[in-house]
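In: Got a predicted model here, sequence first, then my questions.
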Amino acid sequence: VQLQASGGGLVQPGGSLNLSCAASGRAFSSYHMGWFRQAPGKEREFVAAVTWREHSTHYADSVKGRFTISRDNAKNTAYLLMNSLKPEDTAVYYCAASSGTKYEYWGQGTLVTVSS
């Protein structure tokens, strides 16, 4: 599976961005999809995930109520809608695909900068 993340950019605090993760290769619909982020000087952290079958979603506490993960299997794409962005959301965001217990495939990352 090859993953291509896009949609990052510069946004003011309180603004919104919608990240996309386009997948190619093996059956996208059979993978759990996740978003992670890494801020400067910090370790990569989990942001959100959506399961392959039930489309169940899971979120880090820091983004609950502000971010929404979704997927469109017909388009081989996962999304991360980010609302009410804060400066502490500034990071490189990565999408990843998992067939089970770990994320085997990673995209290249897209930079999100929240600043006035």
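Out: Structure's in. What do you need?
In: helix/strand/coil for A74?
Out: Following DSSP: H, G, I helix; E, B strand; the rest coil, we place A74 in the helix state.
In: Can we start the residue count at 660 from this point?
Out: All set: I'll call the first residue 660, so the last point we hit is now A733.
In: where does the closest residue to Q663 other than its chain neighbours land in three-state SS?
Out: Nearest residue to Q663, sequence neighbours excluded (CB to CB, 6 or more residues apart in numbering): A681, at 4.7 Å. Every residue, glycine included, has its C-beta placed from N, CA and C. Three-state call for A681 (three-state DSSP): strand.
In: so A681 bridges to which residues?
Out: Q663, T736 (DSSP bridges).
In: doesn't Y738 make contact with it?
Out: No: with contact defined as CB atoms under 8 Å, A681 and Y738 do not form a contacting pair (10.2 Å).
In: okay, these two: which has more neighbours?
Out: With neighbours defined as other CB atoms under 10 Å, A681 and Y738 compare such that Y738 has more, 20 against 16.
In: for this protein, what spans make up the strands?
Out: With DSSP state E as the criterion, the chain has strands at 661-665, 668-670, 676-683, 691-697, 704-709, 716-718, 726-731, 736-741, 750-757, 762-765, 769-773.
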